[in-house]
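Asker: 3D model of this:
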Amino acid sequence: MFVKKRPLFTAFLVLFAIFSSLSQENQRPNVIVIITDDQGYGDLGITGNDQIKTPILDEFAKQSVRFNNFYVSPVCAPTRSSLMTGRYSLRTGVRDTYNGGAIMAPSEITIAEMLKKGGYSTGVFGKWHLGDNYPSRPNDQGFDESLIHLSGGMGQVGDFTTYFEGNRSYYNPVLWHNGETEKYNGYCSDIFADNAIQFIENNKDNPFFCYLSFNAPHTPLQVPESYYKQYADVDPSIAFEKNNSARRKMSEKDKEDARKVYAMVTNIDDNIGKLLKKLDALGLSENTIVIFMTDNGPQQLRYVDGMRGLKGSVYRGGVRVPFFFRYPARYKGNKSIETTSAHIDVLPTLAQLCQVETPSDRKIDGKSLLPLLNDKNVDWAGRSLFFYWARRYPELYHNIALQKADYKLVGQTNYNASIEDFGLFNIKKDPNEQQNIVADNMDLANVLKNEMDTMYQELIASENMVNQPLISIGTTFENPIILNRNDASGQRGIWDQEEIYGKWEVNIKEGTYNIKFKFIKPVEAGGRMFLETGEVVNQMKNDAKTDIIDMKNVNLSEMKGSLVPFYMVQRKRIFPFWVELERIK
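Answerer: Below you'll find the predicted structure:
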């Protein structure tokens, strides 16, 4: 029987549909950013590697908007600071991965702080690498929940809770949960993913930001045997040689490293699968932005889709990474965007989508990707991206690049080089950067070099470069405090050496302290322990062979500057592995 609809009822249905649509449009999305460590562009099936098993991420990429020309910094800490702030890393104080240069200024506003101010719950799981002490830890920078390892990687010198575990550092680790040490069971990637999933479940009823930052497949290359067995008989050189612009051959070590990396990535793939299934089970998939990306190119030689360069290089192999963006409530998937985009674009994009304010009191280098996502005609041809990498500070015209539209100027030369010594590449016609066209395009090269010079001078003069972020000692926020090797500066390349000059840049609160100095190996008896803080030098004799020396009831004055500890014995000057300071009054 046909029932004629009444006009008022029809109008009600129309209005209900409109308001329902508006409600969904205005509902703020959850945000999950997944980033892996040293996974290159070629370490996925979807990017052409037919030897690696990444079925979850390959399918996720097909469901996503894929930004096919997405760029990051050549190494990890700079990428992470730019991702978190929307700013070039040098503006944030991050200039290195160690040497005291991986501490982000506490004045920076992170995605977590921005979203937390807008009512989001925030959590980080995995690698932070932007400062291990107050006031630069995740919990100081906007994260409600924090489960991390220290420094640039588990098993590295800065992560002293796992360093001495050697080739078992990725298993059953001691991690840092909300600033306190806690023992965990299992493999690191599983631990970080499981805790991220628990955070999502705990915050399912309110908007949340989850930053799942895997430390894999960074070295040391450790992976469960069940995953390694999937690649034990694979010859990674077959994929590598299909499109090998470097014309290099993989050594047996390269091949074995690649097998382990592939196994670690497959484990990550499985963990991302668990997370995506949890979103489905909780009914959150539609209204959750999920981003997948990596932090730089591969550290070891392996398939990278023919691009020139690896991690640390400003060539595309070092800085071009996959970037998949899925938000089903707003955007259909299986779409590719070729416009150049970068890590600095993530913060302004999320600010718009989550309806929160972008920091307005500082320069944001990134652009919102919404116009591209919304299929609007935008002209970004005039946009430039600046790349560099060197230990300690940028080196003029060495491993430095400026990319604009289809062209990229690369400096791998001297501070006083002429323009003929630079590389100029048309990356649209020559994506593997093999044909230097500078000789035939001198005017264009000079224009790009002038812009490179301007950007270089602006960035090295940034406030947080001129005045390095300091570690605060003696506060109630972190007492005792342990200074680790990752944040030590001094001699270039300071790492796990014993006889080396080292120091930490600190802000000391006046008080009385108990201080503990830990050494990698026991030091000989009969030497003296020194602690220099500005013009004050405290010293004491040590009468025992030991790996720990205690100085008790040390009066320290208020000071901003270098804290310099060393042990003198038999004409040797030995730098501690870490230093613990506890303010007792």
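Asker: Longest helix in the chain, please.
Answerer: Ranked by residue count and defined by DSSP state H, the top helix of the chain is helix 252-281.
Asker: Next up, the contacts around the residue nearest to the spatial centre of the chain.
Answerer: Closest to where the C-alpha atoms of the chain average out (CA atoms, centre = their mean) is residue 80, at 3.1 Å. Applying CB atoms under 8 Å, 6 or more residues apart in numbering to residue 80 gives the contacts 35, 94, 127-130, 213, 295. Any C-beta I mention is one placed from the backbone N, CA and C, and that applies to glycine too.
Asker: at 7 Å instead, please
Answerer: 129-130, 295 (CB atoms under 7 Å, 6 or more residues apart in numbering).
Asker: Show me what the longest helix of the chain is packed up against.
Answerer: helix 55-63, helix 188-202, helix 225-228 (3 or more CB pairs under 7 Å, 6 or more residues apart in numbering; DSSP states H and E).
Asker: I'd like the average pLDDT over the last one.
Answerer: In other words, helix 225-228. Mean pLDDT, computed over helix 225-228, is 98.
Asker: Compare the contacts of residue 80 and tell me which has the most neighbours.
Answerer: With neighbours taken as other CB atoms under 10 Å, the top of the contacts of residue 80 is residue 129, carrying 31 neighbours.
Asker: I'd like to know how far it sits from residue 426.
Answerer: 34 Å (CB to CB, to the nearest Å).
Asker: so residue 517 bridges to which residues?
Answerer: residue 549, residue 579 (DSSP bridges).
Asker: per-residue confidence for it?
Answerer: pLDDT at residue 517 comes out at 98.
Asker: go on, residue 378?
Answerer: 85.
Asker: Check the one 3 residues further on too.
Answerer: Among the per-residue scores, residue 381 holds a pLDDT of 80.
Asker: my read: it touches residue 405, true?
Answerer: Yes - with contact defined as CB atoms under 7 Å, residue 381 reaches residue 405; the gap is 4.7 Å.
Asker: So the two - more neighbours on which side?
Answerer: For residue 381 versus residue 405, the count of surrounding residues by other CB under 10 Å is larger for residue 405: 14 against 10.
Asker: Tell me where the stretch 401-550 of the chain has strands.
Answerer: 407-412, 423-426, 471-473, 481-483, 489-490, 502-508, 511-523, 528-533, 536-541, 546-556 (DSSP state E, counting those that start in this stretch).
Asker: CSV for those strands, including distance to residue 328 and mean neighbour count?
Answerer: CSV is the format used below for those (distance: least, CB to CB, whole Å; neighbours: other CB atoms under 10 Å):
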stretch, distance to residue 328, mean neighbour count
strand 407-412, 35, 22
strand 423-426, 37, 20
strand 471-473, 43, 23
strand 481-483, 44, 21
strand 489-490, 46, 18
strand 502-508, 46, 21
strand 511-523, 50, 18
strand 528-533, 56, 18
strand 536-541, 61, 12
strand 546-556, 55, 15
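Asker: Tabulate those strands in JSON lines, adding columns for distance to residue 335.
Answerer: As requested, the strands of the stretch 401-550 of the chain are arranged in JSON lines below (distance: least, CB to CB, whole Å):
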{"stretch": "strand 407-412", "distance to residue 335": "26"}
{"stretch": "strand 423-426", "distance to residue 335": "26"}
{"stretch": "strand 471-473", "distance to residue 335": "45"}
{"stretch": "strand 481-483", "distance to residue 335": "47"}
{"stretch": "strand 489-490", "distance to residue 335": "45"}
{"stretch": "strand 502-508", "distance to residue 335": "46"}
{"stretch": "strand 511-523", "distance to residue 335": "52"}
{"stretch": "strand 528-533", "distance to residue 335": "57"}
{"stretch": "strand 536-541", "distance to residue 335": "62"}
{"stretch": "strand 546-556", "distance to residue 335": "57"}
